[in-house]
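Undergrad: What would the 3D arrangement of this be:
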Amino acid sequence: MSDIDLAVIGGTGLYRIAELDDVETHQPPTRHGALSGPVRIGTLEGRRVAFLARHGEGHSVPPHRINYRANLAALQALGARRVIALNTVGGITERFGPRVLACPDQLIDYTWGRVSTFCEEEGSEVLHVDFGYPYTPALRTRLLAAARTAGVDVVDGGCYGATQGPRLETKAEIARLRRDGCDLVGMTGMPEAGLARELGLEYACLAIVANWAAGCADAAEITFQEVLDNVAAVSASIPAILRRFLTS
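TA: Numbers count the residues shown, from 1 in each chain. This is a model prediction of the structure:
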């Protein structure tokens with residue numbers, strides 16, 4: 001399997017990249033079990049791009065049941081070295097309102113009970129990876145430059161708070177995240193980022209703000225249809241970013 005120029009992992013409301021040509025389907029076995037679904041590999045701007053829907057293409061896998069290890073191990077086995085994660089999130093601080101696209105540079109992990117390392121099986125190498133900058137700085141820089149060239153506004157920076165899900169957070173929980181310094185809240189940022197680091201993959205996140213988090217700004221009751229509508233509006237600009245990224 002020759003190298004893939006880029007792997008993209010899609011979150012809620014992001015189940016395919018329609019712009020991919022000559023798409024092939026792969027679902028390799030891994031020692032960590034089954035993937036969320038098939039990996040679709042096609043071409044964009046003449047480059048090989050892999051896409052995997054994190055929740056499955058029918059949104060059937062909740063965040064705490066995603067096999068993050070299998071997903072990333074499969075992408076690596078197929079030749080991926082760089083991963084862009086598309087995450088649907090809620091906004092907490094004022095720069096991160098609905099329909100904003102952000103490229104966070106920090107995260108805080110509030111999840112629990114998830115298999116969060118490849119150092120799990122007996123005899124596995126114990127890895128103490130440096131995680132001070134959870135998103136690969138050089139990949140973030142290139143991604144932000146691609147967005148600027150494409151004329152797409154992306155907020156540079158911000159802290160992603162990863163919560164357990166699948167329920168949304170209480171107002172008190174969001175207030176705690178705000179005190180902790182979180183700008184965004186989502187359910188799939190970890191352990192995915194940490195596992196990517198253990199595998200030596202370059203990894204960055206484009207966070208699509210679908211709604212205000214509970215108790216923030218003019219937040220009302222959040223509906224799934226609102227989330228999907230906002231994701232659709234923002235994700236329309238992502239192919240342009242990917243095209244510029246691949247040709248830069």
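
Undergrad: Low-confidence ranges, the protein, go.
TA: 1-2, 219-220 (pLDDT under 70).

Undergrad: ok, longest helix in it?
TA: helix 137-150 (DSSP state H).

Undergrad: who are the neighbours of that helix, in terms of helices and strands?
TA: strand 82-91, strand 101-103, strand 202-212, helix 238-247 (3 or more C-beta pairs under 8 Å, 6 or more residues apart in numbering; DSSP states H and E). All C-beta atoms are positioned from the backbone trio N, CA, C, and that covers glycine.

Undergrad: chain center to whichever helix or strand comes after that helix, what's the gap?
TA: With elements assigned by DSSP states H and E, the helix or strand that comes after helix 137-150 is strand 155-156. Distance of strand 155-156 from the chain centroid (C-alpha atoms, centre = their mean, to the nearest Å) equals 15 Å.

Undergrad: Would you map the strands across the chain?
TA: Secondary structure of the chain by DSSP state E: the strands cover 6-10, 21-26, 39-44, 47-53, 82-91, 101-103, 106-109, 155-156, 159-162, 184-186, 202-212.

Undergrad: among those strands, which is the most enclosed?
TA: Each of the strands of the chain was scored by mean neighbour count; the highest is strand 184-186, a mean of 29, by mean count of other C-beta atoms under 10 Å.

Undergrad: outside of that one, which residues touch it?
TA: Strand 184-186 has contacts (C-beta atoms under 8 Å, 6 or more residues apart in numbering) with 11, 87-92, 96, 102, 104, 158-163, 169, 174, 177, 207, 209, 213.

Undergrad: same thing but at 7 Å, please
TA: 87-92, 96, 102, 104, 158, 160-163, 169, 174, 177, 207, 209, 213 (C-beta atoms under 7 Å, 6 or more residues apart in numbering).

Undergrad: Return the distance of that strand from the chain's centre.
TA: On C-alpha atoms, centre = their mean, the centre of strand 184-186 falls 11 Å from that of its chain.

Undergrad: coming back round to it: any chance of the strands of the chain in JSON lines with distance to residue 133 as columns?
TA: Conversion of those to JSON lines gives the following (distance: least, C-beta to C-beta, whole Å):
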{"stretch": "strand 6-10", "distance to residue 133": "19"}
{"stretch": "strand 21-26", "distance to residue 133": "31"}
{"stretch": "strand 39-44", "distance to residue 133": "27"}
{"stretch": "strand 47-53", "distance to residue 133": "24"}
{"stretch": "strand 82-91", "distance to residue 133": "15"}
{"stretch": "strand 101-103", "distance to residue 133": "13"}
{"stretch": "strand 106-109", "distance to residue 133": "8"}
{"stretch": "strand 155-156", "distance to residue 133": "14"}
{"stretch": "strand 159-162", "distance to residue 133": "12"}
{"stretch": "strand 184-186", "distance to residue 133": "17"}
{"stretch": "strand 202-212", "distance to residue 133": "11"}
